[in-house]
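K.L.:
let's see this in three dimensions:
(2 chains)
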Amino acid sequence: MTDPALTLEDVRFRWPGRATFGLSVPGFHMTQGESVLLLGESGSGKSTLLSLICGIVTAERGRVEVGGTDLSTLRAGARDRFRAERIGVIFQQFNLLPYASVSDNILLPLRFAPERRKRAAPDEVATLCSALGLPVGITGATAGRLSVGQQQRVAVARALIGQPPLIVADEPTSALDAATQDTFLGLLFDRIAPSRSSLLMVSHDERLGARFDRVVRLVDIAQTERLAA
Amino acid sequence: MILRLAFGSLLARALTVGMTILAIALSVALFLGVEKVRTGARASFADTISGTDLIVGARSGSVQLLLYSVFRIGNATNNVTWESYQDIASRPEVDWIVPISLGDSHRQFRVMGTTQAFFEHYRYRGGRSLVVGQGHGLDDLYDAVIGAEVAASLGYEVGDPIIVSHGLASFTDHDDQPFRVAGIVDRTGTPVDRTVIVSLEAIEAIHVDWQSGAQTGRTTPVERIRQMDLTPSAVTAALVGVKSRLQIFGLQRAINEYQEEPLLAILPGVALQELWQIVGVAETALIGVSAMVVVTALLGMMAMIFSSLNERRREMAIWRAMGARPATILGLLVLEAALMAAIGAILGLALLYAALFAAQPLVDSAFGLWLPIDPPTARELSVLAGVIGAAAIASLLPALRAYRLSLADGMMVRI
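P.N.:
You can find the predicted model right below:
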């Protein structure tokens, strides 16, 4: 139970060309199968942190390790592949390609991740959809026509397909009303438990904390630097 | 899957994408159309005369002589006297000679005086002979054989009367001596289709009461004219065939150096080449303009892709988060552009063929230009491939911008 899922140590990051904003994380760890709620107000560097963890941007100093692999040792193309293989991403909203079908949206990450594609069962799209309470036959529908709640569930199915070890969610419930939020989280945890995926969810809503193994405030693990513009 | 997604993305923006594709299609159709008309015109001109070794006329320019004698474009500045004509005809190298006498008209069509030899020796499109499909040739003095286009547009049938007008576009008719349609020549796709052919003697007969291009006021009865000697005093030009091709240049030089009268003998093929050199400039200009239209359409596509980039940043962020490399995003945009251009090119080709089907008879009757409807040539297909390739290259600019945006944005785009 103590395999590291995510390790950030002595990380410093600055957006290129934007000298006014930087982020430093002295240390943050997650073990495999752990679920962590990261609380932070908007503008506190949440998205930057997620970009670092996903390997879309690289730290200028320190180590970002996902499942024991130091992202800074990978080349850009390999980092993209690594992300596709190991991390399921759920955004706040507008998660899907609106013009593509539900099944194409769910299968999209597998297109860039051959190993994850092998892990995915042939009928996993249908299984996930029904487990997430999506209506039968929705897989052929165009994603843009779905309700926001349905779209977020499709996004969960996409993050879960092929059982990536780490799920990163950026305020996935903020576009949903309170009742739907609870159902949504229930479904998410139900699906994550059997695959022992780790879940890192960012939110500003403390009420969600009850379901998580751990609740961490962003201000406790990271310092943002705002220089005078 | 990527291809399907690219299609889906295009479909989702059906209106702007449709307009872009339409612009590309129209420009491609225009470009190929200009190309078709150009090659059609060349082929049609080149097919008009074959088997004739020399054309003889009064001394002027070789292109001018070719144009008025064969294509009925423009006018002769001078005639060839009957004596000179006889001199040339009696030369030993000459196998056959066909006199041509021009200057009168019927409605919008030119009247050509000639002899039965014209039907025997005139060849077009690689050696085909004229076929008088209805009626018969020139038997009586007042017989006229008309081209297929003359018959079709004026609704003439064999036996109908024809009044020849004096000169071109004139109000003076030779109405005292009406002709009769004796025969109709099958369609050839040459100026013969638009010509009224009468005998050389008939041209002389209708001008019996004319002197120096003006009516004398006398009216000689037709019966008396039939008794007269109607040997012409001059002809406009003559088509000559030689016995051996080796003698062509010798005969040409002899005619060009003819002492009694300034004459000009030309080789039809050489004169045609000269004509192409003159027309070539205009052709190049036309091709240039239509190529610019294609470029404009592609620039429009480029602008469309640029303006769509901002609203698609969110989409790019999704692709990136799912593990797509920036190069994949670049490829996606180039693929979309190539798809648009390919659809546009195919649509343009379809437009071209539709236009050809619709316009073929009109162009033929208006300009005597027969545009063949053939499967696309290798050259046309390479033009289409070029358009698709150019579209892909043009889309590189916005695609590179998307590449940079997706690097800078990461997953951070907020809407």
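K.L.:
check which residues of stretch B:305-324 are buried.
P.N.:
Across stretch B:305-324, burial judged by 16 or more other Cβ atoms under 10 Å in any protein chain shown covers B:305, B:308-309, B:312-324. Yep, even glycine has a C-beta here, placed from its N, CA and C like the rest.
K.L.:
same deal with stretch A:104-115?
P.N.:
Buried residues in stretch A:104-115 (16+ other Cβ under 10 Å): A:104-113.
K.L.:
rounded mean pLDDT for that stretch, please.
P.N.:
Averaged across stretch A:104-115, pLDDT comes to 90.
K.L.:
and for stretch B:161-169?
P.N.:
For stretch B:161-169, the per-residue pLDDT averages 84.
K.L.:
verify the contact between residue A:152 and residue A:172 for me.
P.N.:
Yes - with contact defined as Cβ atoms under 8 Å, residue A:152 reaches residue A:172; the gap is 5.9 Å.
K.L.:
quick one, helices of the stretch 1-150 of chain B?
P.N.:
B:2-12, B:14-48, B:62-70, B:82-89, B:116-121, B:148-154 (DSSP state H, counting those that start in this stretch).
K.L.:
what's the closest of the ones you listed to residue B:277?
P.N.:
helix B:62-70 (9.2 Å; Cβ to Cβ).
K.L.:
ok, residues contacting the closest one?
P.N.:
The contact list for helix B:62-70 (Cβ atoms under 8 Å, 6 or more residues apart in numbering or on different chains) reads B:48-49, B:55, B:57, B:73-77, B:100, B:102, B:191, B:236-237, B:239, B:264, B:266, B:268, B:270-272, B:274-275, B:278.
K.L.:
circling back: give me the common contacts of residue A:152 and residue A:172.
P.N.:
Joint contacts of residue A:152 and residue A:172 (Cβ under 8 Å, 6+ apart) are A:90, A:184.
K.L.:
show the contacting residues for residue B:247.
P.N.:
By Cβ under 8 Å, 6+ apart, the neighbours of residue B:247 are residue B:93.
K.L.:
and it, that's in a helix?
P.N.:
Yes - assigned with DSSP: H, G, I helix; E, B strand; the rest coil, residue B:247 falls within a helix.
K.L.:
now it: how far from chain A?
P.N.:
Separation of residue B:247 from chain A (Cβ to the nearest Cβ, to the nearest Å) stands at 75 Å.
K.L.:
pLDDT at that residue, what is it?
P.N.:
Value for residue B:247, per-residue pLDDT: 91.
K.L.:
scan chain B for its longest strand.
P.N.:
Under DSSP state E, the strand in chain B containing the largest number of residues is strand B:94-106.
K.L.:
now for that strand, which elements pack on it?
P.N.:
helix B:62-70, helix B:82-89, strand B:109-114, helix B:116-121, helix B:200-206, strand B:234-235, strand B:237-242 (3 or more Cβ pairs under 8 Å, 6 or more residues apart in numbering or on different chains; DSSP states H and E).
K.L.:
give the buried residues for that strand.
P.N.:
Within strand B:94-106, judged by 16+ other Cβ under 10 Å, the buried ones are B:94, B:96-106.
K.L.:
please apply the same query to stretch B:198-213.
P.N.:
For stretch B:198-213, using 16+ other Cβ under 10 Å, the buried residues are B:198-209.
K.L.:
wait, which of the residues you listed is closest to chain A?
P.N.:
residue B:198 (71.2 Å; Cβ to the nearest Cβ).
K.L.:
now name the helix or strand holding the residue of chain A found nearest chain B.
P.N.:
Relative to chain B, the nearest point of chain A is residue A:84 (2.3 Å; Cβ to the nearest Cβ). Using DSSP states H and E, residue A:84 maps to helix A:76-86.
K.L.:
show me what contacts residue 218?
P.N.:
Here I'm looking at chain A. Taking Cβ under 8 Å, 6+ apart, one finds A:38-40, A:44-46, A:49, A:202 in contact with residue A:218.
K.L.:
that's the other chain; I wanted chain B
P.N.:
By Cβ under 8 Å, 6+ apart, the neighbours of residue B:218 are residue B:209.
K.L.:
surely it is within a helix?
P.N.:
No - if the criterion is three-state DSSP, then residue B:218 is coil and not within a helix.
K.L.:
and it, how close does it get to chain A?
P.N.:
88 Å.
K.L.:
check that residue and give its pLDDT.
P.N.:
75.
K.L.:
next one: residue A:165
P.N.:
pLDDT, residue A:165: 91.
K.L.:
same check, this time on residue B:259
P.N.:
For residue B:259, pLDDT reads 91.
K.L.:
same question for the one 10 residues further on.
P.N.:
Reading off the confidence values, residue B:269 has pLDDT 89.
K.L.:
now do residue A:229
P.N.:
44.
K.L.:
can you check residue B:347 too?
P.N.:
pLDDT, read off for residue B:347, is 96.
K.L.:
what number of residues lie near it?
P.N.:
By the criterion of other Cβ atoms under 10 Å in any protein chain shown, residue B:347 has 17 neighbours.
K.L.:
quick check, it in a helix?
P.N.:
Yes - assessed by three-state DSSP, residue B:347 belongs to a helix.
K.L.:
lowest-pLDDT helix or strand in chain A?
P.N.:
Averaged element by element with mean pLDDT, DSSP states H and E, chain A has its least confident helix or strand at strand A:223-226 (a mean of 74).
K.L.:
how far is that strand from where the chain is centred?
P.N.:
Using Cα atoms, centre = their mean, to the nearest Å, the mean C-alpha position of strand A:223-226 is found 23 Å from that of the whole chain.
K.L.:
kindly report the same for stretch B:266-273.
P.N.:
17 Å.
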